[in-house]
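**Student:** Sequence plus the predicted model coming up.
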Amino acid sequence: MKITVINGQSHKGSTYHIGKMLADKLGGEVTEYFLPKDFGDMCIGCTACILKSEQLCPHYQRLEKLTNAIDEADVLIFTSPVYVYHVTGAMKSFLDHYGYRWMVHRPEKKMFSKQAVCISTAAGSGTKSTNKDIADSLFFWGVPKIYKYGVNVRAMSYSRISDKTKAEIDKKTTDIANKIKAKNGRVKVGIKTKAFFEIMRMIQHKSGWNEADTDYWHNKGWDGKKRPWK
């Protein structure tokens, strides 16, 4: 099992420790990145990736190693502490760079066979909206199985989390790890993803508003009977 971890912060706080705990329990080959240390460029909204090619993004080369790690992984783990009820700015900027991969544009076939986990922590609240920030992108990339785990740790550092909460974290990460291992290599695309893909297929077939997208879908055969999960 190959695991790629994208940490939405460069320090090793509570969220990092939970993500590492899960990765250790999965027991696979782990590739890990920290934002913004490993990638910190802001999307400039040039739309080159969507209208022409992602290779025209001014940050393409710096992002490429992270993209390759995502594509090669069986399991994706995204972690982010809550910053004003949402993901960190570094995580948001990172996800912004993959707008071209949403199903409405040019989704990557490899996404449709992966599992992913969104992990967030907060001293108080906000984990639900933070995990949703990440899960929205993962769904529209085509990832069929997404787990979300948010913890209100009531502490500003991992060392200060109560033993009771740490025990709950240990139990929950074990549960998620067992589910992931049981489904590894056997992930099925759900009805919601299939339905949204079909809507996007019809849009690509009828509108043709973006030549780069239309050509991509046609070359994949997705505007016909082929599907990325088959």
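**Tutor:** Structure received.

**Student:** Low-confidence stretches in the protein?
**Tutor:** Along the chain, segments meeting pLDDT under 70 are nowhere present.

**Student:** Quick check: next helix or strand after the longest helix along the chain?
**Tutor:** Identified as the longest helix of the chain according to DSSP state H is helix 163-183. Scanning forward in sequence from helix 163-183 by DSSP states H and E, the next helix or strand is helix 191-206.

**Student:** chain center to that following helix: distance?
**Tutor:** In this view, helix 191-206 has its centroid 21 Å away from the chain centroid, taken as C-alpha atoms, centre = their mean, to the nearest Å.

**Student:** what angle sits between the next helix or strand after that helix and helix 191-206?
**Tutor:** Remark: after helix 191-206, the chain's next helix or strand is helix 211-220, criterion DSSP H and E. Angle of helix 211-220 versus helix 191-206, following axes from the mean of the first three to the mean of the last three C-alpha atoms, to 10 degrees, is 110 degrees.

**Student:** And the helices in this protein, which stretches?
**Tutor:** Assigned by DSSP H, the helices in the chain fall at 14-26, 48-51, 60-72, 89-96, 127-141, 163-183, 191-206, 211-220.

**Student:** And these: which comes nearest Val153?
**Tutor:** Smallest distance to Val153 across the helices of the chain (C-beta to C-beta): 5.2 Å, for helix 14-26. (Each C-beta comes from the backbone N, C-alpha and C, glycine too.)

**Student:** Now do the buried residues in that closest one.
**Tutor:** The neighbour-count check on helix 14-26 (16 or more other C-beta atoms under 10 Å) flags Ser14, Thr15, Tyr16, His17, Ile18, Gly19, Lys20, Met21, Leu22, Ala23, Lys25, Leu26 as buried.

**Student:** do the same with stretch 71-87
**Tutor:** 73-83, 86-87.

**Student:** again, but for stretch 86-98
**Tutor:** Buried positions in stretch 86-98, judged by neighbour count with 16+ other C-beta under 10 Å: His86, Val87, Thr88, Ala90, Met91, Lys92, Ser93, Phe94, Leu95, His97, Tyr98.

**Student:** same check, this time on stretch 132-150
**Tutor:** Buried-residue list, stretch 132-150, by 16+ other C-beta under 10 Å: 132-135, 137-150.

**Student:** Can you report how many residues lie near Trp209?
**Tutor:** Look at Trp209: counted by other C-beta atoms under 10 Å, it has 9 neighbours.

**Student:** what packs against the longest helix of the chain?
**Tutor:** Using 3 or more C-beta pairs under 8 Å, 6 or more residues apart in numbering; DSSP states H and E, the elements in contact with helix 163-183 are helix 14-26, strand 115-122, strand 145-152.

**Student:** Please repeat the previous calculation with a cut-off of 6 Å.
**Tutor:** Packing contacts for helix 163-183, counted by 3 or more C-beta pairs under 6 Å, 6 or more residues apart in numbering; DSSP states H and E, involve helix 14-26.

**Student:** which helices and strands sit right next to the helix it packs on?
**Tutor:** strand 2-7, strand 75-81, strand 115-122, helix 163-183.
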